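Student: What follows is a predicted protein model with its sequence.
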Amino acid sequence: KKVVLTCAQPTGKLHLGNYIGAVRQWVKMQEDYECYFGIVDMHAITMPYVPAELRKNTYMCAAQYLACGLDPDKCSMFIQSNVRGHAELTWILACLCPIGQLERMTQFKDKARKLSEGAGGASIGSGLLFYPVLMAADILIYNADLVPVGEDQKQHMELARDLAQKFNNTYSPTFNLPEAYIPKTGARIMSLQNPDAKMSKSDKNALGSLYMIDTPDVLRKKIMSAVTDSGSEVKFAEEKSGISNLISIMSSVTDKSVSDIESEFAGKQYGAFKKAVADAVIAKFDPIRIKYEELMTDKAYLESVLKRGAAAAQRRADKMMSKVYRKAGYVDAI
Ligand code: TYM
């Protein structure tokens, strides 16, 4: 069986971009592959944060993944900091990684800019620079074949492949070159209020992002007020970024093709289309929200799932790490 690994930051509420670009794929992939899904709390501390919130968000994320259909009998869901080796492999890879390559990463530049422009000009921790190396370690420590991600992780994936190759060349062939698996539609869901920027939790406009655990009223309100163009045709086109984004959303939550949606809504008004999108998103998310609320009342169950996931992940990580340490020339005297 091929090995699939992917991770997401514990942001608390997952948005529709996380669902379409990521979780939806994971739920399908657990049927056919050996899957590891990580909640990356070590990445989460590369930006200023509040420990109590991180703790709560980690539980929230786990509950949302389970509510979406991740099945502990079919995949291993774990918390990154619970598995030894992620930080250790990061160090070895960091020693192979040119600083310049990290400084050129677009997400690093964006986040660093935000920090220095933010209140009081917060300083930039070196962890932020090492973020993509830690991500490469997440992938390589499981010797993953496939990594399902959204479009925004492409550059990080390239670095992971580069570092795998570099390790193989410097020491000896050890790691597979992991492939990014990016969905054809929905790999980049945009903000509803600014369809030229990706949907993200840090969107300042609260109406821009749809959250999986938003109530139906809130989802409807956000979709009905989504920004569109002054035209009237429901058609996927570059200059119609708002409508195109809604079509991608509709296509992803209903599994209908873009062209089927275009013909279904030919000659109909934007209002009618938005209403249909709202109905489809609510039909998808409402059962997830209800299940999520139920799971959040049972912390002991969540912990048991995460414990089991971490044990399985640890077994695989240990195998890789002993190889890596041996090849690096470390003496094991214990
Ligand atoms: P994160 O937590 O930002 O996002 C989790 C997943 O959701 C995808 N995604 C989107 N897809 C479509 N449209 C959007 N608007 C959108 N926003 C987010 C992301 O591409 C991602 O697949 N660095 C990663 C976490 C990570 C990781 C890894 C991923 C750490 N280690 C190892 C894969 C493998 C991140 O911040 O994702």
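Tutor: Noted; the coordinates are in hand.

Student: who's in contact with the closest residue to the ligand within the stretch 1-150 of the chain?
Tutor: In the stretch 1-150 of the chain, the residue that lies nearest the ligand is G21 (2.1 Å; CB to the nearest ligand atom). Any C-beta I mention is one placed from the backbone N, CA and C, and that applies to glycine too. Contact partners of G21, counting by CB atoms under 8 Å, 6 or more residues apart in numbering, are V149, G150, E151, P183, G186, A187, R188, I189.

Student: In contact with the closest residue to the first one other than its chain neighbours, which residues?
Tutor: Of all residues beyond its chain neighbours, the one nearest V149 is A180 (5.7 Å), with distances taken as CB to CB, 6 or more residues apart in numbering. For A180, the residues meeting the contact criterion (CB under 8 Å, 6+ apart) are V147, P148, V149, Q153, K154, M157.

Student: can you check A317 too?
Tutor: By CB under 8 Å, 6+ apart, the contact list for A317 reads V83, R84, G85, H86, I141, Y142.

Student: Please apply the same query to A67.
Tutor: M212, I288, R289, K291, Y292, L295.

Student: same thing but at 10 Å, please
Tutor: Applying CB atoms under 10 Å, 6 or more residues apart in numbering to A67 gives the contacts 14, 23, 212-213, 285, 287-296.

Student: same check, this time on N205
Tutor: Residues S191, L192, Q193, N194, A197, K222, V227 are the ones in contact with N205 under the rule CB under 10 Å, 6+ apart.

Student: which intervals of the stretch 101-250 of the chain have sub-threshold pLDDT?
Tutor: 120 (pLDDT under 70).

Student: which bits of it sit near the ligand?
Tutor: Proximity of the stretch 101-250 of the chain to the ligand is confined to 135, 138-139, 147, 149-150, 152-153, 156, 187-189, 198-199 under the rule CB under 6 Å from any ligand atom.

Student: same thing but 5 Å
Tutor: M135, D138, V149, G150, D152, Q153, R188, I189, K198, M199 (CB under 5 Å from any ligand atom).

Student: could I get these as TSV with secondary structure and neighbour count?
Tutor: Compiled in TSV, these are given as follows (DSSP: H, G, I helix; E, B strand; the rest coil; neighbours: other CB atoms under 10 Å):
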residue	secondary structure	neighbour count
M135	helix	25
D138	helix	27
V149	coil	22
G150	coil	22
D152	helix	16
Q153	helix	22
R188	coil	17
I189	coil	26
K198	strand	20
M199	coil	25
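
Student: Which member of those is positioned nearest R55?
Tutor: The nearest member of these to R55, counting by CB to CB, is D138 at 20.3 Å.

Student: list the contacts for that closest one?
Tutor: Contacts here follow CB under 10 Å, 6+ apart; on that basis D138 touches 5-7, 36, 38, 40, 42-43, 80, 83, 85-86, 89-90, 144, 147, 160, 317.
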